[in-house]
Structures are given as structure tokens and as C-alpha cells.
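*Asks:* 3D model of this:
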Amino acid sequence: MQSMLLAIESSCDESALALFDPKKGILGEWVHSQIDLHKEYGGVVPDLASREHLKNFFPLLEASNVLEHKDRITGIAVTNGPGLAGCLALGIAFAKSLSMAWGLPICGVNHLRGHAYSPFIALHESNPAKFEASIQGLFPHLGLIVSGGNTILFEITKERVLNVLAETVDDAAGEALDKGAKLLGLPYPGGPHVEKIAATGDAKAFDFPKAIAPRNERRFSFSGLKTSLRYRIEKMEDTELKAAMPDICASYQSAVIDQLFGKAKHILEVDRYQSLGLSGGVSNNKALRAAIERLAKRYRIPCLIAQPKHTGDNAAMIAFAAYADTAGTQHEAFTIQPALRLG
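*Replies:* Below you'll find the predicted structure:
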């Protein structure tokens, strides 16, 4: 009888479950999103998000087919950080209740490790039997996690040790896009709206600061970009701003992408990697995906980008990380760690 792993994700505003079979891949995914609930507030309200997790997890379990496979589930993986403490606590409490009721072991999984390994999910699904041989040929791997809360350039070594190479010192890239959208009067979440409007604009129309750190400084910074946008808007009349909106969005988005592209390029110029990856919510941005694909092509290495359904907060990547990360994810301390680091 084949074994399965149940995964639980609740780091922010999405309650998610997934079933994973090492010999077949992801067998099912179920997500309850709170995005419509938080829209009117312009962002996630932690207390409200926690209450929604409490209300939604058991109905989500009943609506899934998890209970049909209960006898084949041999373990439970649950996100233990980073994220909102209250939301993490609800997911862990849910995992513990199932663990006690079903007599199964549980393990805490770093949410960022889930993102780090998410680009490899499709590789496993294409041929589970040959996955280990295939993934080993892609290490060392250079990856970029870009989301509303994190911007991290990291490596996975041949021994599957994850090392942070560069990260933001202030705003995350997704946060910069959302805050920029808010300044422009666009609805939450703003990043996709900026991308849509930017599609018809000229990325060279406005000169926003790209803030690419020197080669020897491995960091990102996006707060100055947001400030520059605010000063630019304050000098414009409403009619002028409306007419220039496509060009502003294109230029602003380009400044974010150029910084991500530039720092990844700096790393590739110094060290040799066998593959390049992109994950996190902002990786759905088509211009960013195209830029990372160009970079991988320049250095003649495979480019792995997380599937759209696995770019946001999802339980599939938590299950997959628990399976694929043989360097110790499955042995992490089982505690709530809202500020847990990738490495």
C-alpha cells in the first residue's frame, strides 16, 4: 500500500491542504482564499485572517477527499514559519488535532523552503521514478523567491543545503509593487493591476531608481523606488497622471525587475550553477518570468519557474519540500516560528 503525506498551510490569509504521493506526485489540492475579505482593508488584517482559518479548516477537510485516503496517510507536514503568528498557530493546532486523532507523526516545514523547492514540483510530476536522478543534475541551483513579503536570492547545494545569498533590507519586491499601486489609486492586491496597465506602456518613459547594489554587496532595496514614485505623482496633475499611467506602471515595474535581474546576474558571473529558479507570488508576473528565462538562456542553464498554482501560499509546496529536502526540513523543531529564516 502506497504512503501519502498530508500538508497544511496557514502562514497568511489562505487555508490550504494537499495530498502528496512520492510515487505519483500531488494527488489533490484544496484552498480557501480570503483575498476578497481583506480587499476592503487594502491588506491582510492578522486577527481577521486567524479567525477565518479557525472557521475554514475543518469544512475544507470535509470538502476534500483527504478522509477517503486517511488509512494511506503516513505523516502530516505543516508550515511553522515564517508568517503571521496567529495564522501559523491555527494551522499547527489543526495539524496536532489530526495527528492525535489519527495517530500520525507531524513535522514543521519552513514556508520559504516550500517556495524554494516549488519550481521542482513539475519535474517530479513528469517522471516520479527518475526524479532523484533528474534533480541531482540541477544542483547547485540558484533560486529567486519574489513575493509580497520576501525577496531572497538563494542557492541549493549538491548536498541540498540552502544558503541565502542576498535579500531585501527593507521592502520586498511584491510589497513595493503593491504600495506603488496604492499610491496610484489601484485596488488591492496592486501588483497584478500594475502589470496589466504596464503592458501598454513604455518602460523607458520614466527614470525610476533601480538601486542595484554593487557586485560585492548582496542585497536588494525597494523603499527608495516607492518614495521616488510618490514624489513623481505629487508633481503631476490628475489628468496628466491618468494619461501617463501606462508609462508610469511600465517604468516602475521595470525598475523592480531590473534590480532582481541585475543581482541574479551578478551572482551568476561569480559562481557556477546548474539551474536557475523563480518562485513566489510575484513570479506570475510575465515580464519578470521572461527576464529570468533570458538570464538562464544567457548562461545556458535550465530555467525552472513554479507553476502559477504553486506560486502563492499553497500546501502542495509544503508537502513537496518535506519530501524533497533531505537536508533536514522534516526534522525542524515543531514550534511556531513567525520569523523563521530560509537557511
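*Asks:* ok, now which ones touch residue 293?
*Replies:* Applying CB atoms under 8 Å, 6 or more residues apart in numbering, we find residue 293 in contact with 303, 305. To be clear about C-beta, it is placed using only N, CA and C from the backbone, and glycine gets the same treatment.
*Asks:* center of this structure - which residue?
*Replies:* Geometric centre of the chain, nearest residue: residue 280, 2.3 Å, by CA atoms, centre = their mean.
*Asks:* number of residues surrounding the closest residue to it other than its chain neighbours?
*Replies:* Spatial nearest neighbour of residue 280, chain neighbours left out: residue 147 (3.7 Å); criterion: CB to CB, 6 or more residues apart in numbering. By other CB atoms under 10 Å, 24 other residues sit near residue 147.
*Asks:* next helix or strand past the longest helix along the chain?
*Replies:* Identified as the longest helix of the chain according to DSSP state H is helix 238-270. Downstream of helix 238-270, the next assigned helix or strand under DSSP states H and E is strand 275-279.
*Asks:* just checking: what are the partner strands of that following strand?
*Replies:* strand 141-146 (parallel), strand 303-305 (parallel) (DSSP bridges).
*Asks:* check the burial of residue 305 by counting its neighbours.
*Replies:* Neighbour tally, residue 305, other CB under 10 Å: 22.
*Asks:* surely residue 115 meets residue 314?
*Replies:* No: with contacts counted by CB atoms under 8 Å, residue 115 stays clear of residue 314, the gap being 9.6 Å.
*Asks:* which one's more surrounded, these two?
*Replies:* Neighbour count, other CB under 10 Å: between residue 115 and residue 314, residue 115 has more, with 33 against 27.
*Asks:* count of residues packed around residue 93?
*Replies:* For residue 93, the neighbour count with other CB under 10 Å is 16.
*Asks:* so residue 155 is in which element?
*Replies:* Counting by DSSP H and E, the element that carries residue 155 is strand 151-156.
*Asks:* orientation of that strand relative to helix 238-270 in degrees?
*Replies:* Going by axes from the mean of the first three to the mean of the last three CA atoms, to 10 degrees, strand 151-156 is angled at 20 degrees with respect to helix 238-270.
*Asks:* quick one: strands adjacent to strand 151-156?
*Replies:* By DSSP bridges, strand 151-156 pairs with strand 141-146 (antiparallel), strand 162-168 (antiparallel).
*Asks:* which of the strands paired with strand 275-279 is buried the deepest?
*Replies:* Mean neighbour count, computed with mean count of other CB atoms under 10 Å, is highest for strand 141-146 among the strands paired with strand 275-279, reaching a mean of 27.
*Asks:* thinking again about what came up before, enumerate every residue touching the residue nearest to residue 280.
*Replies:* Counting by CB under 8 Å, 6+ apart, residue 147 touches 115, 172, 173, 174, 280, 281, 282.
*Asks:* rewinding a little: report the buried residues of the longest helix of the chain.
*Replies:* Within helix 238-270, the residues that count as buried by 16 or more other CB atoms under 10 Å are 244-264, 266-268.
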